[in-house]
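# heads up, no residue letters with this:
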């Protein structure tokens with residue numbers, strides 16, 4: 001919708017029309033003078049609430065500073081009227097000062113959390129209140145200052161205060177303010193504010209600086225509050241500090257919550273609430289703070305979105321004859337076209353030389369070097385934690401607090417020193433692993449927000465782009481209304497807006513079905529044909545290799561190989577990065593002693609929204625066995641572990657256990673309480689299991705004996721002081737506090753040195769000897785083989801191979817299934 005489209009102009013005109021009608025009623029004398037004064041005051045408060053309302057709803061900033069801006073406008077008008085200032089000087093002066101202070105608060109506050117921003121605005125209001133009381137030469141101190149007439153330097157007449165003329169002006173100004181808000185709703189300003197609020201990282205990737213948006217939003221909002229202050233001085237005829245107290249800040253927030261943050265009509269409701277709340281409190285005989293508190297609590301409990309959004313939803317439900325469902329898009333069934341090779345003379349677009357990224361003492365990337373030509377697609381592969389996404393973040397400037405070294409040249413110019421928000425303008429488009437779209441914007445607005453000013457031409461190009469990716473029928477819907485596959489397409493479409501020269505794709509195939517992956521591959525090929533260079537990472541290797549010209553493999557943050565898609569996996573270093581290096585065999589109890597089944601999964605399917613994580617899983621875990629579940633990142637291991645644990649109910653299928661089974665899960669990343677001591681981490685697990693008193697002391701002693709001596713001697717130190725391997729051992733020990741029959745460990749070797757990997761697996765082997773059932777969720781096939789009775793290979797959510805490590809034929813099938821997902825592998829393994 002255009003800002004100046006017929007429908008939007010109609011909506012914008014409703015505010016001034018309603019104000020004009022109300023002015024006519026006031027002029028007719030139908031409203032008594034004392035009530036007419038309240039109506040004028042309601043117009044003032046409507047503008048004030050609107051300034052806070054849209055700042056909160058569009059920019060996500062809740063301000064306690066607006067009473068100060070309100071007072072600034074009022075004192076500017078009163079002081080100026082008594083010193084011969086013209087109306088134009090008063091308005092421009094108040095607006096300019098408020099804009100400067102507001103932009104400062106917004107820009108400075110953008111660096112802080114919501115709590116610290118609230119404290120910053122609170123401090124600003126407190127300082128302003130103190131200035132009002134002490135600067136008696138300007139404000140009159142506690143005695144206040146009268147408001148006199150204001151003369152227009154442009155010959156527009158004279159404005160008298162505390163009369164019907166001031167009331168008419170206040171009502172008319174409220175109508176104009178609502179019209180401005182209506183015109184701003186479909187504008188790029190609102191889209192970029194909402195984008196920066198809802199997802200700052202994704203906003204930076206499309207050239208939106210959240211700090212600049214906060215400064216702009218706060219500055220504009222402060223101007224509206226100051227103009228409301230000028231009108232207050234005109235309506236009341238006298239200015240004193242009393243109306244601008246901290247109580248007003250609280251009442252403003254309550255008025256916004258009551259009306260609905262971001263709703264234009266919510267400002268009218270809030271303005272009426274501020275005007276007549278004192279009268280209502282007096283009529284029912286309760287103090288005004290009590291009435292306001294009750295209203296605010298009721299609104300939060302029963303109308304959390306506000307009165308206006310609640311009524312809007314109710315009216316839509318009443319008027320809707322049928323429930324609208326998104327139409328099913330037509331999916332292509334033919335295979336993706338062949339990948340065109342880049343022209344031999346294609347220029348080098350990107351060069352990365354010896355780039356490294358470190359976070360404190362942790363090196364996430366080291367010695368990364370690569371080149372990309374125009375029209376070329378370079379795939380980046382490697383196991384979880386290899387540094388792939390870190391490299392993509394370097395290219396898009398989203399490394400965060402990491403220290404970047406080395407050099408990168410884009411189109412012959414230095415890249416690393418350019419701001420993340422400037423990369424979009426250089427011609428770099430970026431997608432995210434989880435399709436980080438802007439949920440409060442429509443599909444079309446997710447595309448349009450990439451522009452500073454939206455024109456009819458921009459809207460036409462956005463419509464054409466949405467048509468090309470199959471999203472045209474959903475242009476006016478929110479991302480949350482789309483299935484996962486369409487959500488991913490929207491992320492891609494936003495990256496393609498403004499026709500980037502370099503497209504950076506982070507796991508675009510993840511979670512898509514076969515038809516959706518074919519459509520995505522076709523879109524990538526179309527970009528290649530247009531000369532777009534693509535850097536892409538993914539764990540779906542067959543789809544990834546189908547669109548790639550060249551592959552670079554990473555492991556532990558360093559490149560370990562480079563080659564063509566058809567030969568890269570023949571490189572021993574690349575294969576070992578996925579499958580793992582050979583390690584010492586962990587001594588396990590005899591396989592023939594494992595008779596009973598601890599957990600049985602039957603026909604398990606699981607989906608997250610539109611993403612299918614597991615498909616048709618049939619699995620029996622023998623009691624006392626060590627089962628290794630292996631697969632690349634995204635294969636479904638963690639989901640399977642949660643279902644085995646019982647904390648996640650499958651979408652389809654059944655989980656059965658033999659008798660009473662206590663299970664414990666050690667999640668990927670350990671999830672320790674880093675600020676708590678080792679002992680306190682164990683105690684928290686015990687409390688969760690209902691263990692206390694003497695039993696707790698006994699359990700701590702028993703679990704402490706399982707820990708290595710170097711940890712038993714440091715039970716009082718914070719967990720954050722441990723090495724990665726020591727933290728993993730502590731995480732397992734914490735799980736043992738509940739004395740589980742089944743222990744599930746997700747990625748036990750992730751980020752550990754070889755020596756620590758050996759120690760962790762040896763301790764898990766000891767648990768198996770003690771009769772515990774252990775499930776290892778691993779990326780490394782070699783490690784799982786060395787420490788398991790049985791190994792299951794997952795590929796794309798399915799069991800692609802299953803067998804015993806002692807079977808040489810199974811090992812060959814498992815290796816093939818890890819990369820290719822051959823569905824006949826499990827059958828062959830079972831027969832073997």
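Everything's here; your move. Given the structure is predicted, the values throughout are model-derived calculations rather than measurements.
# so residue 24, which state does it fall into?
Reduced to three states with DSSP: H, G, I helix; E, B strand; the rest coil, the structure at residue 24 is helix.
# and the end-to-end length of stretch 652-669?
End-to-end distance of stretch 652-669 (C-alpha to C-alpha, to the nearest Å): 28 Å.
# against residue 447, how distant is the spatially most central residue of the chain?
With distances taken as C-alpha atoms, centre = their mean, residue 199 lies nearest the centre of the chain, 4.8 Å away. With distances taken as C-beta to C-beta, to the nearest Å, residue 199 is found 15 Å from residue 447. Any C-beta I mention is one placed from the backbone N, CA and C, and that applies to glycine too.
# now swap in residue 609 and tell me
In terms of C-beta to C-beta, residue 609 sits 22 Å off from residue 447.
# so for the two, which sits in the more crowded spot?
residue 447 (28 against 11; other C-beta atoms under 10 Å).
# circling back to that earlier point, hmm, residue 435 and the residue nearest to the centre of the chain touching each other?
No - taking contacts as C-beta atoms under 8 Å, residue 199 lies outside contact range of residue 435: 10.8 Å.
# hmm, back to that, which residues touch the residue nearest to the centre of the chain?
Counting by C-beta atoms under 8 Å, 6 or more residues apart in numbering, residue 199 touches 436, 437, 438, 439.
# so the second one is in contact with residue 495, correct?
Think residue 437. No - using C-beta under 8 Å, residue 437 is not in contact with residue 495, being 10.9 Å away.
# quick one: least confident helix or strand in this protein?
Within the chain, confidence by mean pLDDT, DSSP states H and E is lowest for helix 825-831 among all helices and strands, at a mean of 37.
# would you list the phi and psi of residue 728?
Main-chain dihedrals, residue 728, degrees, to the nearest 10: phi -60, psi -40.
# tally up the residues packed near the nearest residue to it once chain neighbours are set aside, please.
Excluding the flanking residues, the one nearest residue 728 by C-beta to C-beta, 6 or more residues apart in numbering is residue 760, at 5.5 Å. Using other C-beta under 10 Å, residue 760 is surrounded by 21 other residues.
# residue 760 contacts residue 747, correct?
No - counting by C-beta under 8 Å, residue 760 does not reach residue 747; the two are 10.9 Å apart.
# where does the prediction get shaky in this structure?
1-5, 319-338, 580-584, 591-595, 610, 751-754, 822-832 (pLDDT under 70).
# and residue 720, how many residues sit next to it?
By other C-beta under 10 Å, the residues close to residue 720 number 11.
# that one touches residue 674, doesn't it?
Yes - with contacts counted by C-beta under 8 Å, residue 720 reaches residue 674, the gap being 3.9 Å.
# grab the nearest non-local neighbour of residue 704.
Leaving aside its sequence neighbours, residue 704 sits nearest to residue 712 (C-beta to C-beta, 6+ apart; 5.2 Å).
# now do residue 387
residue 557 (3.9 Å).
# contact partners for the one you found?
Contacts of residue 557 (C-beta under 8 Å, 6+ apart): 356, 357, 363, 364, 365, 366, 368, 386, 387, 390.
# in terms of contact, does the first one touch residue 406 like I think?
In this case it means residue 356. Yes - counting by C-beta under 8 Å, residue 356 touches residue 406, with 5.6 Å between them.
# so what's in contact with these two at the same time?
The contact sets of residue 356 and residue 406 overlap at residue 368 (C-beta under 8 Å, 6+ apart).
# looking at those two, which is more packed in?
Between residue 356 and residue 406, residue 356 has the larger neighbour count (other C-beta under 10 Å), namely 20 against 17.
# list the contacts for that one?
Counted by C-beta under 8 Å, 6+ apart, residue 356 has contacts 363, 365, 366, 367, 368, 404, 405, 406, 557.
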